[in-house]
Every structure is written in structure tokens, then in C-alpha cells.
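J.: Predicted coordinates and the sequence they were generated for:
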Amino acid sequence: MKLQTREREAPEVNLTSLIDVVLLLLVFFMVSTSFVREAEINLNLPEADTDSELAVVDEGLEISITRTGNYLVNGRALLNSDRQTLRTAIERLVGDQRSFAVTIRGDADSSLQSFVTATEVVGQLGFTQVHIAAVTAPDG
């Protein structure tokens, strides 16, 4: 008895539904993504110049951050490290003037959040000249 074998048909994959699903996912992710910048601080970062001497500014505001995260405004320690306390101290010290240059000095072991808080408070008060002081470690 002779049995005839039929040629097998190659399986056909329908990609139409797969492409539809991928496009719908792409549209969903594009629509659900938000491109809003909630808070933005523009900083003009200084460039190091070893040949020039440092200029000393007579008038200015200096905010120092200690290792424990406490603030000193022009050398005077604040009662606590709260954002509102820092803001009140700055407002009492400078009044309505915002033309002062503000220098923020931070201890190397202080938390980044303390620095960010000080920068945000200074920015919200409307200061435009913000300097970040850093100390270069000595060679050797």
C-alpha cells in the first residue's frame, strides 16, 4: 500500500495584530509621559583661573553649611536648619535688596540636601549672583 504524503505548508505568521499592539503601546507611552519642568535653577558655573587673584567683595551675603547641616549666615549661627529659618534670617539681613552677591560655602562632609535647600531659598528670594565656594585640597 502506497501512501501519498502531502507537502506541508509553511506556517504563516500574521504580523498585523502585533504591529497594531506595538503602535498602541507607543501612543500610550507618548501620551502618558509628561514633559513639565517643575523646578529649574539656572546656574552660571565659574571657571577656574589660577593666574588671577581672588577679588574680595565688601558687601555680600555668605551662607556657610556645617558638617551637621546647620547654617551660618554671615558668620551667625541659626537656631535650626529649617528652610523657613534660613529664609527669615536672609530677609532680615538684606531687607528688600537683592543686588548682593551670595556665596554658599559647604563643608565637604555636609549633606547635599542642605546645599540644595540653601540654593533653593536664595533662588526663591530673587538673588541672581550666586557663588559656590570650594576649597582645593593641597597637593601632597
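T.: Thanks, I have the structure now.
J.: Now the element after the longest helix along the chain, going C-ward?
T.: When the chain is parsed with DSSP state H, its longest helix is helix 16-32. Sequence-wise, the next helix or strand downstream of helix 16-32 (DSSP states H and E) is strand 61-65.
J.: hang on, the earlier thing: could you pull up the mean pLDDT of the longest helix of the chain?
T.: Here helix 16-32 scores 91 as its mean pLDDT.
J.: Just the CA atoms of it, as PDB, please.
T.: Taking Å, rounded to 0.1, in the frame of the first residue of the first chain, the C-alpha atoms of helix 16-32 are listed here in PDB:
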ATOM      1  CA  THR A  16      -0.800  42.900  11.500                       C
ATOM      2  CA  SER A  17      -2.200  42.400  15.000                       C
ATOM      3  CA  LEU A  18       1.400  42.500  16.500                       C
ATOM      4  CA  ILE A  19       2.100  45.800  14.800                       C
ATOM      5  CA  ASP A  20      -1.200  47.200  16.000                       C
ATOM      6  CA  VAL A  21      -0.400  46.300  19.600                       C
ATOM      7  CA  VAL A  22       3.100  47.800  19.400                       C
ATOM      8  CA  LEU A  23       1.800  51.100  17.900                       C
ATOM      9  CA  LEU A  24      -0.900  51.300  20.500                       C
ATOM     10  CA  LEU A  25       1.700  50.900  23.300                       C
ATOM     11  CA  LEU A  26       3.900  53.500  21.700                       C
ATOM     12  CA  VAL A  27       1.000  56.000  21.500                       C
ATOM     13  CA  PHE A  28       0.000  55.200  25.100                       C
ATOM     14  CA  PHE A  29       3.600  55.900  26.400                       C
ATOM     15  CA  MET A  30       3.900  59.100  24.400                       C
ATOM     16  CA  VAL A  31       0.600  60.400  25.800                       C
ATOM     17  CA  SER A  32       1.200  59.400  29.400                       C
END
